[in-house]
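>>> Turn this into a model:
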Amino acid sequence: MLKEQLNVLSQLASSDNEFTDEESRMLHHIGQANGMTKEEVDEIIYHPKPIGSLDNLTEDEKFEYLYNIVQLMKIDGQVYKSEIVFCQEMAAKLGFNKKVIGELSKSIFSDPSITTDRDSLRERVMKYKN
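A predicted model of the protein is given here:
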């Protein structure tokens, strides 16, 4: 599952045609924190695959996907329309109303060290489930 999630995050990072150092560091941090090598993460970044079915993910995994894509969208301090559209499309593929991205954007910060009450946020996000 982690490789698929990194693949999605990589595609989001490149959706504005500008893959920043902050985005790259975040992807490497996520990968390495989950036992992946730098080379494995680089392979995903430089050779992304089409996004497959996300239907078999648990509710927790879907929330983590949404959380991570919104955090990555905001990590470079600039949010582009193309990134918002990508996040909304991913939300829809995960079975959520596209408006969930706005809800998450209010509570997720560009600095990964600033965290929110994830349980409370998860409850609010699940209200957007289709």
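>>> what's the helix ranked longest in the chain packed up against?
In the chain, assigned by DSSP state H, the helix with the most residues is helix 59-74. Packing contacts for helix 59-74, counted by 3 or more CB pairs under 8 Å, 6 or more residues apart in numbering; DSSP states H and E, involve helix 2-13, helix 21-33, helix 81-93, helix 100-107, helix 118-126. Where C-beta positions appear, they are placed from N, C-alpha and C, glycine not excepted.
>>> State the pLDDT value of the residue located most distally from the centre of the chain.
Taking CA atoms, centre = their mean, the residue of the chain most remote from its mean C-alpha position is residue 39, at 20.4 Å. pLDDT for residue 39: 96.
>>> Next up, the contacts around it.
Residues counted as contacts of residue 39 (CB atoms under 8 Å, 6 or more residues apart in numbering): none.
>>> Remind me which helix or strand it belongs to.
Assessed by DSSP states H and E, residue 39 sits inside helix 38-46.
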